[in-house]
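S.K.: Fold the following for me, if possible:
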Amino acid sequence: MVFTLDTSMHPDLANLAWLIGRWEGVGVVGYPTIESRQFGQEIVCTHDGRPFLEWHSHTWLLDEAGKKVRPLATELGIWRPQEPGPDGTNVELLLTHPTGFVEMYAGKAEPAKVELRTDGVMRSPSAKEYVAGTRLYGLVESKLMWVMDMAAMGVPMTSHVSAELRRVE
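M.R.: Below you'll find the model as predicted:
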């Protein structure tokens, strides 16, 4: 699929432009406190001309045959590029989750790669313990590949989720 750059995009979004669009695919979720399972995911990343991206991700549990079983995680977010530097653009990712927590990530965006770590996590009194996370997003052979490690439930930073998504129209 040919990707066409949106010329109405704010110039500060240059190192994040490859994220814009609708993505679908599958991944694996697991953690020492849960059994590893396959999931499906849809991400929609848009802009309205201002210097930020809107992010909406839905995941659902898949059975052995790859059929949807039930919804899993939902996240709504904003990507905020900051000042460019010699080694990429500083970027923030603000994410909110219906499970009762909000994350603020900070990191670097390069063309086709973003590395982030949590700068802050807020939890509601009813949310499960979640302390910190790291995320890596990359554009590899026209696919959005991403991984997340997290520290939660008394477990130190450990691999939690990874996925491979394809751009869809």
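
S.K.: from here on, contacts and neighbour counts on C-alpha atoms
M.R.: Noted.

S.K.: For the protein, which segments count as helices?
M.R.: Using DSSP state H, no helices are found in the chain.

S.K.: Can you give the strand pairings for the longest strand that the chain contains, parallel or anti for each?
M.R.: Longest among the strand segments of the chain by residue count, using DSSP state E, is strand 68-85. Partner strands for strand 68-85, per DSSP bridges, with pairing direction: strand 53-62 (antiparallel), strand 88-97 (antiparallel).

S.K.: any idea which of those scores lowest on pLDDT?
M.R.: Among the strands paired with strand 68-85, strand 88-97 has the lowest mean pLDDT, at a mean of 94.

S.K.: low-confidence ranges in this protein?
M.R.: For the chain, applying pLDDT under 70 flags the ranges 1-3, 85.

S.K.: Okay, strands next: where are they in the chain?
M.R.: Assigned by DSSP E, the chain shows strands spanning 21-31, 34-46, 53-62, 68-85, 88-97, 101-110, 113-123, 130-140, 143-152, 155-168.

S.K.: between these, which one is nearest to Asp12?
M.R.: Checking these against Asp12 by CA to CA gives strand 68-85 as the closest, at 6.5 Å.

S.K.: List of residues touching the closest one?
M.R.: Outside strand 68-85, the residues that touch it by CA atoms under 8 Å, 6 or more residues apart in numbering are 12-13, 40, 51-63, 89-98.

S.K.: run the last query once more with 6 Å
M.R.: If you take CA atoms under 6 Å, 6 or more residues apart in numbering as the criterion, strand 68-85 is touched by 52-62, 89-97.

S.K.: The residue in the chain sticking out farthest from the centre and Leu165, how far apart?
M.R.: Centroid-distance maximum for the chain: Ala65 at 25.3 Å, with CA atoms, centre = their mean. Ala65 sits 18 Å away from Leu165, taking CA to CA, to the nearest Å as the criterion.

S.K.: likewise Gly120?
M.R.: Gly120 is 27 Å from Leu165, by CA to CA.
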